[in-house]
Every structure is written in structure tokens, then in C-alpha cells.
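> Sequence first, predicted coordinates after that:
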Amino acid sequence: MLSSAGLVTARRARVIGVRSVFSSLARISTRTAASPQIPTSIRIAAVFTRGFAAAATRSATKTATAATTKKTTATKKPAAKKTTAAGKKKATATKKKPAAKKAAPKKKAAPKKVKGRSKKVVKEVPEDLKLFRKAKLLRAKGLVKEQPTGLPASVWILFLAKNRAAFGDVSNVADISPALKKQFEGLSPVEKQALEDEARANKVRNDAALISWVTTYPVTTIEAANRARAELKRMGKPTRRALHDPRRPKGHRSAFTFYVSERYKSGDFDGVTSTAKISAMAAEWKAMSEAERQPFNQAAEADRERYRVERASLSPSP
């Protein structure tokens, strides 16, 4: 039994076969009389057989092509599913990549650790440690350790330096000073005078050595050292005396200072205490007019100009 497609093709083959028969008859009629004559019955049969054969081949090719197309579509559908599945896998894989990228900024937790460290580093420094560090800086600025040690410049210190070695056999160190004191009191006037002369000579040598050492520094450095030593003294810390710098100009005086020096020379306040003198001179200065103060103001201005010139002449280095 033929299918519906086969029946349709058979009908078409019949129609096509009839048409081919008529076309072949027309061609035969047009041929010349010289060509050999074939019986019509044989020709008609041949034509019909050719038409049916062509129709059968065409129907067979059409069915074959239809079957192949169905097979290709049937085989291609699972492939499409595979591609879609692979595409989905790729899409999921590509979607997972941004998630990994988003996880990277989470590593920026370092600043939090730094904040915690900064809080731990902050420590309260004890007040005693602050004072110790401040005193250490002031001693370095005051050139306390750099200052050279001089020779004994007093009679008692010179006597101790000379006779302390004689009491090396004393077991208790506290007994050395009382023993030396008794020996010092028993010295003759000639021996004491010799010690005084030597101590005076040592003081001269010490002053010369100190001045030569001071002049190796700039004037501003020595001034800063004196300020540091004064600060140590206010703090109650051990320090040395202020350094004398002969290069530094003498400070300028005020108008009231010139008035006080003149009143001291007058002798009006002889026998009066220093506090009473200063209070009385201050009262007099306040009661004076500008005309009366003019000479002292001029003297103060001249002294200020002198100090400015001497200060400008100093070089920053010795």
C-alpha cells in the first residue's frame, strides 16, 4: 500500500506521462519522411514506460529527501540541547567569576588592624619620666658635660685634693672629712697663705681655659646653653653656673635704671635698706614729668643703639 505522498506522486506521474506522450507524437509528426517508421503501438508503449519510470524516480528522490530531512532534524535537536546545556554551564561559569571578583575587596581589612595598633601604641608617659627626658635634653643643650673641669680654685678643696691620699688606710670613708678638718685647722698661717695663692692662680687658669673653650662655640649657642642651665636650676636639677662670654655685648639699660644709678651716687639713701631705696626711687620716678625724664630717656636710647650695633657686629660663628 502506498502512502498519501506516494499516491500524489503516482497521479502526477500519470499526468506527466500523458503530456510526454503528446509531446513525443508532435515531434514524430514533424520528422521527415525519410526517417524509418516505427509502429505507433510500440512507440506509445515506450513513451508510457519512460513517463512512468521518470515519475517513479522523482517520487523516490522526493521521499528520500524527506526522510533525510526528518533524520537530520531528529538528530540536530539533541545537539541543540547539548549546546544549550553547555551554554548554560558556560553562563554559570561566567556568572561565578564576578562573584570571585567581588570577594577580593573584602581583603581590605588592613586599615582596621592599623587602627587597633594605633590605639595600643598610645601610652601614658609618667610625669617622672617626662621630667627626666626634659632634664636630659636641657643638659645636652646646656653643654654641661662638655664643659672642661678646672683646677681646685678654693683653699679647702685644694687642701682636700692634696691630703686625701694620706688617709687611704682609714676603713670608714665618713671619718676622712673630720680628720682632714682637724688637720686643716692645725695649719700655720704660712701654709694657709701658700694654699690661698695656689687656689688664686688656679682660678685665673680656669677662667682663661673656660673662655678659650666658650669661644669655640657661636654666641647664640652659649646664650642657649645659659637659658638651659637656668631652666635646670628652676627645676631643681643639678647643673653648672652660667657661662661668661666676653664676646657678648653688655645689655642695654632702661631710663629708670639710669635714674636709679644717679640717685645711688647722690648719697641721699645711705643707711636705707635696698627694698626701701627702690620703692622710694620708684615713687619719685612716677611723680616726675616728661621734661624731667627726658635726659634719662635720651641716655637709654643711646645705650640701646650701642647694643644694636655691637650685636650686629657679631658673626654667627667664632
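Received it, and whenever you're ready, just let me know what you need.
> before we move on, what SS does the closest residue to residue 235 other than its chain neighbours have?
Nearest-residue entry for residue 235: residue 135, 6.4 Å, with adjacent residues in sequence omitted and distances by C-beta to C-beta, 6 or more residues apart in numbering. Just so you know, the C-beta spots here come from the backbone N, C-alpha and C atoms, and that holds for glycine as well. Classification of residue 135 by DSSP: H, G, I helix; E, B strand; the rest coil places it in helix.
> Just to check, residue 135 is in contact with residue 232?
Yes - under the criterion of C-beta atoms under 8 Å, residue 135 makes contact with residue 232 at 6.4 Å.
> before we move on, back to that, what's the separation between the residue nearest to residue 235 and residue 230?
13 Å (C-beta to C-beta, to the nearest Å).
> try residue 265
For residue 265, the distance to residue 230 (C-beta to C-beta) stands at 31 Å.
> got a list of what residue 224 touches?
residue 141 (C-beta atoms under 8 Å, 6 or more residues apart in numbering).
> Per-residue confidence, it, what does it come out as?
In this model, residue 224 is scored at 94, pLDDT.
> Also the one 5 residues further on?
Residue 229 carries a pLDDT score of 95 in this model.
> Please identify the buried residues of the host helix or strand of it?
If you go by DSSP states H and E, residue 229 is part of helix 219-235. Across helix 219-235, burial judged by 16 or more other C-beta atoms under 10 Å covers 219, 221-222, 225-226, 228-229, 231-232.
> Adding distance to residue 152, write those out as TSV.
Formatted as TSV, the buried residues of helix 219-235 follow (distance: C-beta to C-beta, whole Å):
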residue	distance to residue 152
219	30
221	28
222	25
225	24
226	24
228	26
229	22
231	29
232	24
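> from memory residue 240 sits against residue 229, does it?
Yes - using C-beta under 8 Å, residue 240 is in contact with residue 229, at 6.4 Å.
> Need the residues touching each of those two.
When C-beta under 8 Å, 6+ apart defines a contact, the residues bordering residue 240 and residue 229 alike are 142, 144.
> for residue 245, helix, strand, or coil?
Secondary structure, three-state DSSP: residue 245 is coil.
> Next up, the contacts around the closest residue to it other than its chain neighbours.
What sits nearest to residue 245 in space, not counting adjacent residues and going by C-beta to C-beta, 6+ apart, is residue 222, at 4.7 Å. By C-beta under 8 Å, 6+ apart, the contact set of residue 222 is 214, 243, 245, 248.
> mind listing what the second one touches?
Residues near residue 243 by C-beta under 8 Å, 6+ apart: 143, 147, 210, 214, 222, 225-226, 229.
> Which one of the residues you listed is nearest to residue 261?
Nearest to residue 261, judged by C-beta to C-beta, of the contacts of residue 243 is residue 226 at 24.7 Å.
> ok, now which ones touch the closest one?
142, 242-243.
> again, only using 7 Å
242-243 (C-beta atoms under 7 Å, 6 or more residues apart in numbering).
> likewise residue 182?
Listed by C-beta under 7 Å, 6+ apart, residue 182 has no contact partners.
> phi, psi of it?
Torsion angles at residue 182 (phi, psi; degrees, to the nearest 10) stand at phi -60, psi -40.
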